[in-house]
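S.K.: heads up, no residue letters with this:
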């Protein structure tokens, strides 16, 4: 279903998957149609939402491209958006989040002035307790071959970034469609193929942290993370010079996901995940405790995360609160 066909020379295409975010959707779409960048293409894809979101979407029918789809998941939906996009750059917004009015104008101008394949910006976490600015470590314009630490300093979500569409298409970079954590391989593949990556030290994207969101809930799909890391590690197997950075990525993420298992009420599933996580780490990175990047973390947090017993105890105590 198409309400608006677009037209003209689009600078940025923004892909917005919609699934059961009725209470947040109006704010999200309003922040997009009111962007100071006018040559913007907003592709809204209703991924079979069970909530009646169409009345909200129709409010903006003259300013968006609308696609109604049966439920396929966020990876498939974003890939569909990439195929439909015509902009020079591509951005992603989740339909329960919202953005600053100058996000895409500032990111696009910065990209063009510096001939960038990816622009990375800071972002805000909007929690019930307040807004927390997530300030990334600044890095100079370059790529992961020039500056290995970009892989350590950057975050792996797509929404606080814009990507040159030509770079994405030429390297056939798509989201995983059947796995949770589908965004991490997409961003890491894009980083590998980008010649110039830049960081804007300003928070434009507002990430709405919800208890029921996919990133804060635990289920059997949590085990997809091991397949995700297999994909990433295989993709980077020719980058031996980045072994320390890839080790840090694997280990730090898995140790953090262990802590998130505190939300898993089923103790058997929780402990199974933690066991598999430590098995994966020790099998693939037996000397991980020597990693210089891991040593930069607070020693108390490091000791807690790197102990299977303490991690299980912490998650157990948290789960019965």
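M.R.: Everything's here; your move. In this text, all values refer to a predicted model and were calculated from it rather than measured experimentally.
S.K.: residue 273 against residue 220, yeah?
M.R.: No - if you go by C-beta atoms under 8 Å, residue 273 and residue 220 don't touch, sitting 9.5 Å apart. For glycine as for every other residue, the C-beta is placed from the backbone atoms N, C-alpha and C.
S.K.: looking at these two, which is more packed in?
M.R.: For residue 273 versus residue 220, neighbours defined as other C-beta atoms under 10 Å are more numerous around residue 273 (23 against 11).
S.K.: ok, the more buried one to residue 285 distance?
M.R.: Residue 273 sits at a distance of 18 Å from residue 285 (criterion: C-beta to C-beta, to the nearest Å).
S.K.: cool, and residue 238?
M.R.: 18 Å.
S.K.: and the two? which has more neighbours close in?
M.R.: Comparing residue 238 with residue 285 by other C-beta under 10 Å, the one with more neighbours is residue 285, at 19 against 9.
S.K.: quick one: residues contacting residue 208.
M.R.: 24, 96, 97, 98, 126 (C-beta atoms under 8 Å, 6 or more residues apart in numbering).
S.K.: closest one to residue 190 out of those, please.
M.R.: Nearest to residue 190 among these is residue 97, at 20.0 Å by C-beta to C-beta.
S.K.: pretty sure the closest one contacts residue 207?
M.R.: Yes - counting by C-beta under 8 Å, residue 97 touches residue 207, with 5.5 Å between them.
S.K.: can you give me the helices in the stretch 51-200 of the chain?
M.R.: 54-58, 74-84, 103-114, 150-153, 165-170, 183-193 (DSSP state H, counting those that start in this stretch).
S.K.: got a markdown table for these, with mean neighbour count and mean pLDDT too?
M.R.: A markdown table is the format used below for these (neighbours: other C-beta atoms under 10 Å; pLDDT from 0 to 100):
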| stretch | mean neighbour count | mean pLDDT |
| --- | --- | --- |
| helix 54-58 | 16 | 96 |
| helix 74-84 | 20 | 97 |
| helix 103-114 | 19 | 98 |
| helix 150-153 | 19 | 95 |
| helix 165-170 | 16 | 97 |
| helix 183-193 | 21 | 98 |
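S.K.: can you put those in a markdown table and add distance to residue 64?
M.R.: Compiled in a markdown table, those are given as follows (distance: least, C-beta to C-beta, whole Å):
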| stretch | distance to residue 64 |
| --- | --- |
| helix 54-58 | 7 |
| helix 74-84 | 12 |
| helix 103-114 | 14 |
| helix 150-153 | 33 |
| helix 165-170 | 18 |
| helix 183-193 | 22 |
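S.K.: so which of those helices comes closest to residue 291?
M.R.: Taking C-beta to C-beta, helix 150-153 is the member of the helices of the stretch 51-200 of the chain nearest to residue 291, at 10.2 Å.
S.K.: output the contacting helices and strands for the closest one.
M.R.: helix 183-193, helix 243-260 (3 or more C-beta pairs under 8 Å, 6 or more residues apart in numbering; DSSP states H and E).
S.K.: can you redo the ones you listed as JSON lines with distance to residue 17?
M.R.: Below are the helices and strands packed on helix 150-153 laid out as JSON lines (distance: least, C-beta to C-beta, whole Å):
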{"stretch": "helix 183-193", "distance to residue 17": "11"}
{"stretch": "helix 243-260", "distance to residue 17": "22"}
